[in-house]
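Asker: okay, predicted coordinates and the sequence, questions at the end:
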Amino acid sequence: MKKIKLDKEEQSTLDSFERGEWKSVKNPKQEISRHRQYAKNTLRKDRRVNIRISSKDLEELQAIAVAEGIPYQTLMGSVLHRYASGRLAAK
């Protein structure tokens, strides 16, 4: 059997699971429904914005997005959302 190589985050998750730190929720259907509603309310895109940024900044954002496996527009929207909601602060 081929051994699967895990990255740091995957190994940490597996270790946490094996230590018994994960618990089942009492009503999974209700929890899934609740979190779907959170996502729907948070991720609804109802406005369009056009901005100008430097080519260098755009290339860096695109490279980060590729590394994360998401579209760069999604990354940019996520960064703006986290900043606007106070979960991302300037250094």
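Answerer: Structure's in. What do you need?

Asker: just the C-alphas of stretch 13-24, formatted as PDB.
Answerer: In PDB, the C-alpha atoms belonging to stretch 13-24 read as follows (Å, rounded to 0.1, in the frame of the first residue of the first chain):
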ATOM      1  CA  THR A  13      -5.500  17.900  11.500                       C
ATOM      2  CA  LEU A  14      -4.900  14.200  11.500                       C
ATOM      3  CA  ASP A  15      -3.000  14.400  14.800                       C
ATOM      4  CA  SER A  16      -5.800  16.400  16.400                       C
ATOM      5  CA  PHE A  17      -8.400  13.900  15.200                       C
ATOM      6  CA  GLU A  18      -6.400  11.000  16.500                       C
ATOM      7  CA  ARG A  19      -6.100  12.700  19.900                       C
ATOM      8  CA  GLY A  20      -9.900  12.700  20.100                       C
ATOM      9  CA  GLU A  21     -10.200  16.400  19.900                       C
ATOM     10  CA  TRP A  22     -13.000  16.300  17.300                       C
ATOM     11  CA  LYS A  23     -16.600  15.800  18.400                       C
ATOM     12  CA  SER A  24     -19.700  15.100  16.400                       C
END
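
Asker: mean confidence score for it?
Answerer: Averaged over stretch 13-24, pLDDT sits at 94.

Asker: got it, and stretch 69-84?
Answerer: Averaging pLDDT along stretch 69-84 gives 91.

Asker: residues in contact with that stretch?
Answerer: Judged by CB atoms under 8 Å, 6 or more residues apart in numbering, the contacts made with stretch 69-84 from elsewhere in the structure are 42, 45, 58, 61-62, 64-65, 68, 88-89. In short, each C-beta sits where N, CA and C put it, glycine included.
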